[in-house]
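**Q** with the input below, show me the fold.
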Amino acid sequence: MSSNNDRYRRVSLWWDTLPDEIRGEPRAALPESITADVAIVGGGYTGLWTAYYLLKADPSLHVVVLESEVAGFGASGRNGGWASALFPTSLDQVAAASSRESAVALQRAMFDTVDEVGRVADAEGIDCHYAKGGTIRLARTPVQLARARQEIESDRSWGFGEEHFALLTADEAAERLGATDVLGATYSPHCAAIHPARLARGLAVAVERLGGTIYEGTRVTAIEPGVVRTTFGDVTARRTVRATEAWTSQLPGFKRDIAPVYSLMLATEPLPASFWDEVGLQRRETFSDHRHLIIYGQRTADDRIAFGGRGAPYHFGSTIKPEYDRHPAVFDDLWRVLRHMFPGLRDHAVTHTWGGPLGIPRDWFPSVGLDAETGIAWGGGYVGDGVASSNLAGHTLADLVRGAITDRTVLPWVNHRSPRWEPEPVRWLATNIGLRSLSSADSSENRTGKESRLAKVVAPFLGGH
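**A** Numbers count the residues shown, from 1 in each chain. All right, here's what the predicted structure looks like:
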C-alpha cells in the first residue's frame, strides 16, 4: 500500500473500508495544457454525475474532470451516506422565489432522484451498499413532538400524503428505532443509506468507461471564461463546470460565495445481533431527531453506527485545513448523544472519527446554472444534503451544457443566485455565535419544555432545522 493510499484511508470510515481494488492508486495529474469540450472542476459527486450524464447523452464529447486530490476526497467520501429527498430550503422559500407549482415540482424531482441514484448504481455495477429503508426523525421531547406535528401539517398543506411523509406514534417509532425517550417521529420512505466513498469511486470508473478523463492531483488556481488554469497547465474549453462545493471558497473571486462549515462524524465497531434486535433499523433506515443542532446516523452494511452532527467551529476567512477535520470536544459530544440514545453502546468502542467542510450559501438555497456569456456553469451549496441533490444537479448541468430543455432545466433552483456572505469578521462572529446558540437552544428546550425563539432566528443563517 502506498503512503498516499494510507493517507486517504484516514479521510473517513468510508475510505478506510474501501476494498483495495475500489480505492485504487491515485490517477495521473494533468500532463500539459490541453483543449476539451467540457472542463469540470471538482471530482466529487457533482462533477462526476455531470460527466456521467454528459457522456451518456453524447459519447463524442471530450470531457475532462480536474481534481486537486483524488475523486471522492471531499464531502463525497466523508458524508453520512444519506441519499435523501431532503432539500435544505423550505418549500415556502422556494415558492417565494418561483411559484407553488415549481416548489412542488422540485420536491417531486428529489423523490425521483433517490431512486435514480440506486438505478445508476445497479446499472453500472457500483456496489455502494444502497438500501432504501427511508428515514426516521425522532421526537424525544414534547417540544420536538410539537415540531414534528407542525412539519407534517405543512407537508399536507403542500399536497404530500402519508405515502411521502408520515407522523408515527411512540410505539410505531420505537418499532423502527429503539432509542430512549421516544414520543413519536416523522418518517419518509424517500431516503437510502449508502457507502459514500464506494459510490464516488465507482462513479469515477463509470465516467472513464464512458470515455471521460479524470486528472487527479491537479489543483485549479483560477476559472476564467474559456479556460481553467491549473498548477500543470491550462485546459481550454467551450464550457466549464464549477463543482467544488465547500472548496469554492478557496478559488479566487469566490471566497464569499460559499461558507465552509464543518460537520464531524464517528463510527462504532461492528455491533452484535443482540444490539440490533433491541435497536432495530432492520431496513437500514437513516435516523435523526427534531433538535435544532443537526445530528444524523445510519446503520452501515457491516453493522456499525455511523453518526455525525454539526457543532465544530467555522474558521476565520473560510479557511479549510486538514487539522480542522477532527475536533475532540465535538466527537465527545457526539458520542455522549449517541450513548444517551442507545445505552447499549456503553460496552462498545468508537473505531473511526473524521470530518470535513460542507458548503453553505448565504440564503441556504442550493443552485445549478449556466452563464451563457462566460460559458461557466456551477452546481452546489447543498448545506449537507448533497448525496442525492448532486445527482439531480449533475443531470441538470449535463442538460444545460448541451443546451437541452428538459423538465430538470426549468426547476426553480436553476440559475438561482444566492447573495454573498458578509465580509470578515462579521461572518466569523455571526456563524460561531449562531452555532453556540443552536446548542444552547436545545439545552433550553430540554430544561424548560418551551420552544426556543432564538433558534428560529439563527437556524436559517447556519443550515439548521
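
**Q** distance check, N391 against G44.
**A** Distance, N391 to G44, using CB to CB, to the nearest Å: 12 Å. To be clear about C-beta, it is placed using only N, CA and C from the backbone, and glycine gets the same treatment.

**Q** looking at those two, which one has more neighbours?
**A** When neighbours are counted by other CB atoms under 10 Å, G44 comes out ahead of the other of N391 and G44, with 31 against 27.

**Q** check contacts around the closest residue to the more buried one other than its chain neighbours.
**A** Closest residue to G44 apart from its sequence neighbours, by CB to CB, 6 or more residues apart in numbering: S76 at 3.8 Å. Taking CB atoms under 8 Å, 6 or more residues apart in numbering as the contact definition, S76 lies against 44-45, 48, 196-197, 199-200, 386, 390.

**Q** again, only using 10 Å
**A** When the contact criterion is CB atoms under 10 Å, 6 or more residues apart in numbering, the partners of S76 are 14, 42-49, 196-197, 199-201, 203-204, 245, 356, 386-387, 390.

**Q** for the stretch 151-300 of the chain, just list every one of the strands.
**A** Counting by DSSP state E, counting those that start in this stretch, the stretch 151-300 of the chain has strands at residues 166-169, 184-188, 191-193, 213-215, 220-224, 227-230, 233-242, 259-268, 286-289, 295-299.

**Q** for this structure, which residue occupies the most central location?
**A** The C-alpha lying nearest the average C-alpha coordinate of the chain belongs to G386 (CA atoms, centre = their mean; 3.1 Å).

**Q** check what pLDDT it gets.
**A** Among the per-residue scores, G386 shows a pLDDT of 95.

**Q** okay, helices next: where are they in the stretch 201-350 of the chain?
**A** Under the criterion DSSP state H, counting those that start in this stretch, the stretch 201-350 of the chain contains helices at 273-279, 328-341.

**Q** next, format those helices as JSON lines and append mean neighbour count, distance to F316 and mean pLDDT.
**A** Below are the helices of the stretch 201-350 of the chain laid out as JSON lines (neighbours: other CB atoms under 10 Å; distance: least, CB to CB, whole Å; pLDDT from 0 to 100):
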{"stretch": "helix 273-279", "mean neighbour count": "13", "distance to F316": "40", "mean pLDDT": "97"}
{"stretch": "helix 328-341", "mean neighbour count": "16", "distance to F316": "18", "mean pLDDT": "95"}
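
**Q** domains for this protein, by residue range?
**A** Per the record, the chain has its domains at 3-80+196-256+364-410, 135-188+259-360+423-462, by automatic domain parsing.

**Q** of those, flag the one that's most buried.
**A** With neighbours defined by mean count of other CB atoms under 10 Å, none of these is more surrounded on average than domain 3-80+196-256+364-410, at a mean of 21.

**Q** chain center to it: distance?
**A** Centroid separation for domain 3-80+196-256+364-410 versus its chain: 15 Å, with CA atoms, centre = their mean, to the nearest Å.

**Q** got the helices of the stretch 201-350 of the chain as a markdown table, with distance to V182 columns?
**A** As requested, the helices of the stretch 201-350 of the chain are arranged in a markdown table below (distance: least, CB to CB, whole Å):
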| stretch | distance to V182 |
| --- | --- |
| helix 273-279 | 11 |
| helix 328-341 | 9 |
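
**Q** closest to F307 out of these?
**A** Comparing these against F307 with CB to CB, the closest turns out to be helix 328-341 (5.1 Å).

**Q** could you point out which element follows that closest one?
**A** strand 350-360 (DSSP states H and E).

**Q** now for N79: which residues touch it?
**A** 12, 14, 44-45, 194, 196-197, 200, 263, 265, 296, 306, 308, 356, 358, 382, 384-387.

**Q** hmm, try it at 6 Å
**A** If a contact means CB atoms under 6 Å, 6 or more residues apart in numbering, then N79 has P196 as its contacts.

**Q** now do the SS call for it.
**A** Taking DSSP: H, G, I helix; E, B strand; the rest coil as the rule, one finds N79 in the coil state.

**Q** make 804 the first number, not 1, from now on.
**A** All set: I'll call the first residue 804, so the last point we hit is now N882.

**Q** low-confidence ranges in this structure?
**A** Per-residue confidence for the chain (pLDDT under 70) gives these ranges: 804-808, 1239, 1241-1251, 1253, 1255-1268.

**Q** 90 instead, please
**A** When the per-residue scores of the chain are filtered using pLDDT under 90, the ranges that remain are 804-810, 1094-1097, 1113-1117, 1229-1268.

**Q** what helix or strand does F914 sit in?
**A** Using DSSP H and E, F914 sits in helix 903-926.

**Q** partner strands of whichever helix or strand comes after that helix and their direction?
**A** Beyond helix 903-926 on the C-terminal side, the first helix or strand identified by DSSP H and E is strand 938-942. Using DSSP bridges, the strands paired with strand 938-942 are strand 987-991 (antiparallel), strand 1089-1092 (parallel).

**Q** many thanks, have a good one.
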